[in-house]
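Trainee: sharing a sequence plus its predicted fold:
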Amino acid sequence: MPEESGRLRLTQSRRIKLGRDFARARAEGQRVVVGCLIANWVPLSSDSPSRVGLITSRKIGGAVARARARRLLRETFRLHQHDFERPIDLVLIARNSIVGKKLAGVEVDFLEAMRRARLLKKPK
């Protein structure tokens, strides 16, 4: 079933799962650090969808804190997955400052990172 471009679902095809894809984004991609996250990305061909991969280390805290950080980052990507100028593989790494942040705060940091990286579509 083809996915409509305006839908906000985050299907399995939009997630980075393989270690080599994570390593490629880190080795070949570009990087920006803003607030509670680090973003590494690699441009993709125009016919593929943007994908996200998440990294949360034990430095953030216990399993509950890491799971919450992943949920916040995943939701932020889901809401803005169609705002990218071109398809990318995006690896988001949570930093310690994500603990205690609300979704709005994480979203502000995410959008600032994407603006600095010039990955968002130009406003009309």
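Mentor: Nice, thanks for sending it over. Keep in mind the model is a prediction, meaning the values are calculated, not measured.

Trainee: so how many other residues sit close to the residue lying closest to Leu119 once chain neighbours are set aside?
Mentor: Excluding its sequence neighbours, the residue lying closest to Leu119 (CB to CB, 6 or more residues apart in numbering) is Phe84, at 5.4 Å. To be clear about C-beta, it is placed using only N, CA and C from the backbone, and glycine gets the same treatment. Phe84 has 20 neighbouring residues, counting by other CB atoms under 10 Å.

Trainee: who's in contact with Phe84?
Mentor: Phe84 sits next to 50, 114, 119-121 when contact means CB atoms under 8 Å, 6 or more residues apart in numbering.

Trainee: if any of these are buried, give me the ChimeraX selection for them.
Mentor: Buried residues among the contacts of Phe84 (16 or more other CB atoms under 10 Å), as a ChimeraX selection:
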select :50,114,119
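
Trainee: for this structure, longest helix please?
Mentor: Scanning the chain for the helix with the most residues, using DSSP state H, yields helix 63-80.

Trainee: just checking: what are the partner strands of the following helix or strand past it?
Mentor: Going down the chain from helix 63-80, the next helix or strand is strand 88-94, by DSSP states H and E. Here strand 88-94 is paired, per DSSP bridges, with strand 37-43 (antiparallel), strand 51-55 (parallel).

Trainee: averaged pLDDT, strand 88-94. What do you get?
Mentor: Averaging pLDDT along strand 88-94 yields 95.

Trainee: next helix or strand past that strand?
Mentor: For strand 88-94, the following helix or strand on the C-terminal side (DSSP H and E) is helix 103-116.

Trainee: how far off strand 88-94 does that following helix point, in degrees?
Mentor: 130 degrees (axes from the mean of the first three to the mean of the last three CA atoms, to 10 degrees).

Trainee: looking at this protein, which helix or strand does the model trust least?
Mentor: helix 19-28 (a mean of 92; mean pLDDT, DSSP states H and E).

Trainee: and it, what does it pack against?
Mentor: Packing partners of helix 19-28 (3 or more CB pairs under 8 Å, 6 or more residues apart in numbering; DSSP states H and E): strand 37-43, strand 51-55, strand 88-94.

Trainee: tell me the gap between the shortest one and the middle of its chain.
Mentor: Spelled out, that is strand 51-55. Strand 51-55 has its C-alpha centroid displaced from the chain centroid by 6 Å (CA atoms, centre = their mean, to the nearest Å).
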